[in-house]
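Output the structure for:
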Amino acid sequence: MPPNEHGCRRRQFLKTSVITAVGVSGCLSDNRGSPADSATHSPETQPITSQTSDGNEPVNIVSLSVTDYIVYALAGVHPHVHRRKDKQYLTLSVNSALSRDTIQNRLRVNIDGESVPLAESQPVRWRNETIDIAFAVSKTETFDSGYILYDQKKRQSLSKTILTRLNTPPVFEVSELSVSPRELRAGTQREVTVSFTLTNTGDGRGTFGASLSGNFTSGSQTVTATLDSDSERNVTRNTRVIGRNDTVTIRLDWGVDEWMTDISVIGTPIGSQTSTPAPK
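Numbers count the residues shown, from 1 in each chain. Down below sits the predicted model:
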């Protein structure tokens, strides 16, 4: 079991947990399992309209959310989970006719007098009609105030709801990973079941995300599970594989760590002919 992400106060009671396993194929139009499905949105957030210097195009920040991970485009094509140790993600969803690069270069977040860096990877661009810009915020610090800047001008303060969410992040631990079955006949297609124990040792409710892949498609599925603080749950997810080569590799990647295991491929492909030895 990977080590705990950081020291966190543990609550004195056990809350209920909710598990959701969501598949995301390699298809660009499939947006299921994105972090927006369970993001924490601030009801106090109001749209911002800022007139820019190139063509006076409006920039509307329509929502803010805080998540434990983001889904980015691996190799520019496949949705994949991005998550770093001791980080959480503040995502601003923007409506504008301006390019993503222009908005990303002008949009900034400042918390307690410090500029917050952009996330190493950015949310997938085909997920919805907005342009989503993610900032990587520390999980180990406590924040008092923050605001959004556009073109170096303060546009909006971070709401109390957003600050509370940033100050009470979830902390996930993954353990007891397994796959069943452990053998697969050559040439067959079937679903295998991956299971693991997920624990939230943090001070807040949150959604865990991981990318699950086999060998049937080139992309991966996004597996999500929402847990309250100080709760634990077993998570299971099926993925389709095909028996080829000597082994099939199953991979679960949750950003801060990953798990890989092999399923043995045995026997002769179904329907194949076994040659008869020539008489002596």
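
Next SSE downstream of the stretch of helix or strand residue 251 belongs to?
In the assignment (DSSP states H and E), residue 251 maps to strand 247-253. Next in sequence after strand 247-253, counting helices and strands by DSSP H and E, comes strand 258-266.

what angle do that following strand and strand 247-253 make?
160 degrees (axes from the mean of the first three to the mean of the last three Cα atoms, to 10 degrees).

on contacts alone, who are the packing partners of strand 258-266?
Applying 3 or more Cβ pairs under 8 Å, 6 or more residues apart in numbering; DSSP states H and E, we find strand 258-266 packed against strand 172-180, strand 183-185, strand 247-253. (Glycine included, C-beta is placed from N, CA and C.)

average pLDDT for the longest one?
To tie it back to what came earlier, the one meant is strand 172-180. Strand 172-180 carries an average pLDDT of 98.

CA atoms only: put that strand into PDB for me.
Output in PDB follows, covering the C-alpha atoms of strand 172-180 (Å, rounded to 0.1, in the frame of the first residue of the first chain):
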ATOM      1  CA  PHE A 172      -6.900   8.900  -0.600                       C
ATOM      2  CA  GLU A 173      -5.100   5.600   0.000                       C
ATOM      3  CA  VAL A 174      -5.300   2.600  -2.300                       C
ATOM      4  CA  SER A 175      -4.600  -1.000  -1.100                       C
ATOM      5  CA  GLU A 176      -5.500  -4.600  -1.600                       C
ATOM      6  CA  LEU A 177      -5.500  -4.500  -5.400                       C
ATOM      7  CA  SER A 178      -6.400  -7.700  -7.300                       C
ATOM      8  CA  VAL A 179      -7.700  -8.900 -10.700                       C
ATOM      9  CA  SER A 180      -9.800 -11.900 -11.500                       C
END
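
So which elements touch that strand?
strand 189-200, strand 206-213, strand 258-266.

rewinding a little: compare the helices and strands packed on strand 258-266 and give me the one nearest residue 124.
strand 247-253 (15.9 Å; Cβ to Cβ).

Show me what counts as buried in the closest one.
248, 250, 251, 252, 253 (16 or more other Cβ atoms under 10 Å).

The first one is in contact with residue 240, isn't it?
No - counting by Cβ atoms under 8 Å, residue 248 stays clear of residue 240, with 10.5 Å between them.

Find the residues that touch each one of these two.
Common neighbours of residue 248 and residue 240, using Cβ atoms under 8 Å, 6 or more residues apart in numbering, are residue 214.

Per-residue pLDDT of residue 273, please?
In this model, residue 273 carries a pLDDT of 49.

got the buried residues for stretch 146-159?
Buried residues in stretch 146-159, defined by neighbour count with 16+ other Cβ under 10 Å: 146, 148, 149, 150, 155, 156, 158, 159.

Looking at the closest residue to residue 263 other than its chain neighbours now. What's its pLDDT?
Excluding its sequence neighbours, the residue lying closest to residue 263 (Cβ to Cβ, 6 or more residues apart in numbering) is residue 248, at 4.4 Å. Here the pLDDT value assigned to residue 248 is 95.

And the one 5 residues further on, by the same measure?
Note for residue 253: predicted pLDDT of 97.

so residue 202 sits right up against residue 170, yeah?
Yes - if you go by Cβ under 8 Å, residue 202 and residue 170 touch, sitting 4.2 Å apart.

so what sits against both of the two?
Counting by Cβ under 8 Å, 6+ apart, the common neighbours of residue 202 and residue 170 are residue 229.

Show me the chain divided up by domain.
31-167, 172-266 (automatic domain parsing).

In terms of mean pLDDT, which of these ranks lowest?
domain 31-167 (a mean of 83).

any idea how far the residue nearest to residue 263 lies from residue 106?
For residue 248, the distance to residue 106 (Cβ to Cβ, to the nearest Å) stands at 47 Å.

my read: residue 167 touches residue 140, true?
No - counting by Cβ under 8 Å, residue 140 is not a contact partner of residue 167; they are 10.8 Å apart.

want to throw the helices and strands packed on strand 172-180 into TSV with mean neighbour count and distance to residue 63?
Supplementary listing: the helices and strands packed on strand 172-180 in TSV, determined by neighbours: other Cβ atoms under 10 Å; distance: least, Cβ to Cβ, whole Å:
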stretch	mean neighbour count	distance to residue 63
strand 189-200	17	24
strand 206-213	25	16
strand 258-266	15	31
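
Which of those sits closest to residue 69?
strand 206-213 (4.2 Å).

Can you give the strand pairings for that closest one, parallel or anti for each?
Here strand 206-213 is paired, per DSSP bridges, with strand 221-227 (antiparallel), strand 247-253 (antiparallel).
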